[in-house]
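Engineer: got a sequence here, can you build the structure:
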Amino acid sequence: MNAEMIAALRELEREKGIAFDTILQGLEEAMAAAYKSAWKTEHPDADDDFVGFRAEIDPETGEMRMFQQQLEEVEAEDGETLVMKVLSEEEVTVTDDFKGRIGAQTAKQVIFQKLRDAEREMTYEEFAGREGDIVTGIVQQSERRYTLLDLGKVEALVPQAEQVPSEPYRSGERLKAYITEVRRGAKGPQIVVSRTHPGLLKKLFELEVPEIADGVVEIKAVAREPGHRSKIAVWSNEPAVDPVGACVGPKGSRVRNVVTELRGEKIDVVPWSENPSEFVANALQPAKVREVRVDPDTQTAQVIVPDYQLSLAIGKEGQNARLAARLTGWRIDIKSETQATAVPEAPAGA
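Structural biologist: Okay, here's the model as predicted:
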């Protein structure tokens, strides 16, 4: 180490944003470890568990001093574990060969490692707190258990549970996904994304509909069965703006773009209402509803529809009714007009 190396580290701090003290500390730890390794080679019979070394590098001149430590094992403050305590230390002479050859090699390794660590930390900071956002990546690898998306600086993982079974993910194609988790990993930030999350549908509409981005139209609720069908309930803060029309777009262009991104998933856009009966009726669209009777105590809605609308209201395998219930938060019982007016048969013997 010398003054030129110190100057180079200062320049690295300015250009890459890596703290000088962090690099210096890393160098001191690496030099101490390298010196101990050399010492062990020269003293093969010594009990090196109780011998330590500490390097000290002058932050102005780059001059290095090395100290040999005598260690002992003591009980930690928790009374359950053992730690090494320094009993004494004395300065040892370090050869010029070690300072030059080993020093340069060690400095290079430490600097490269710190640069990698800094880049990983910067990438993590870029994505930290972005849970709930959507990202666009290129499918890099697709397995049955997971799919990898290349986001440029980092990869994102789409676990099997967050994949839509009916969607094929082909290598090289662009794909939007919803960030569910960002965490630190040994090799850099780990970003977990989803194609099934209801938030993906909401974010896609935010991208397509300027009125949502401006806060004029709000998405109040989302219910989704990924790959098949979804419902969103929307509300306008301005009476002059039709929230459903804004989301559907001219000739259906806006909702069509969302459907295309979701590979053909059908989407019902319905008006939200603070009136539970009205909201439940809206949620069952495209079916026509005659009457809704709500019971707030049981959070149940009794819905009556024309006979010819019954199958449409319930939907294939109950899908329409199921999505409407999720969208509104109400348990929904649907009956046709004939069923609703039918007189129950009297019990036998009554």
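
Engineer: tell me how the chain divides into domains.
Structural biologist: 3-127, 134-193, 197-272, 276-343 (automatic domain parsing).

Engineer: in CSV: these, plus mean neighbour count and mean pLDDT.
Structural biologist: C-beta here means a position set from N, CA and C on the backbone, and glycine is covered the same way. Below are the domains of the chain laid out as CSV (neighbours: other CB atoms under 10 Å; pLDDT from 0 to 100):
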stretch, mean neighbour count, mean pLDDT
domain 3-127, 14, 84
domain 134-193, 16, 89
domain 197-272, 18, 96
domain 276-343, 17, 94
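
Engineer: ramachandran angles for Ala223?
Structural biologist: Main-chain torsions, Ala223, degrees, to the nearest 10: phi -130, psi 140.

Engineer: check contacts around it.
Structural biologist: Pro198, Ser230, Lys231, Ile232, Leu323, Ala324, Arg326, Leu327 (CB atoms under 8 Å, 6 or more residues apart in numbering).

Engineer: can you name the two of the residues you listed that sit furthest apart?
Structural biologist: Greatest spacing in the contacts of Ala223, by CB to CB: Pro198 and Ala324 (14.7 Å).

Engineer: for the nearest residue to Ala19 once chain neighbours are set aside, give me its contacts.
Structural biologist: Spatial nearest neighbour of Ala19, excluding adjacent residues (CB to CB, 6 or more residues apart in numbering): Glu13 at 6.4 Å. When contacts are counted by CB under 8 Å, 6+ apart, Glu13 touches Ala19, Phe20, Ile23.

Engineer: rerun at 10 Å
Structural biologist: Ala19, Phe20, Asp21, Thr22, Ile23 (CB atoms under 10 Å, 6 or more residues apart in numbering).

Engineer: shouldn't it be within a helix?
Structural biologist: Yes. Applying DSSP: H, G, I helix; E, B strand; the rest coil, one finds Glu13 inside a helix.

Engineer: how much space between it and Val193?
Structural biologist: Per CB to CB, to the nearest Å, Glu13 is found 34 Å from Val193.

Engineer: ok, back up a step: next, format the contacts of Ala223 as TSV and append distance to Asp97 and secondary structure.
Structural biologist: Formatted as TSV, these follow (distance: CB to CB, whole Å; DSSP: H, G, I helix; E, B strand; the rest coil):
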residue	distance to Asp97	secondary structure
Pro198	65	helix
Ser230	70	strand
Lys231	75	strand
Ile232	72	strand
Leu323	75	helix
Ala324	79	helix
Arg326	73	helix
Leu327	75	helix
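
Engineer: out of these, who's nearest Lys85?
Structural biologist: For these, the nearest to Lys85 is Pro198 (55.4 Å; CB to CB).

Engineer: ok, that closest one touching Glu265?
Structural biologist: No. Counting by CB atoms under 10 Å, Pro198 does not reach Glu265; the two are 11.8 Å apart.

Engineer: just the strands in the stretch 51-200 of the chain please.
Structural biologist: Remark: strands assigned in the stretch 51-200 of the chain by DSSP state E, counting those that start in this stretch are 51-57, 64-75, 82-92, 134-142, 146-150, 155-159, 174-183, 190-194.

Engineer: return the list of strands paired to the fifth one, each annotated with direction.
Structural biologist: Taking DSSP bridges as the criterion, strand 146-150 pairs within the sheet with strand 134-142 (antiparallel), strand 155-159 (antiparallel).
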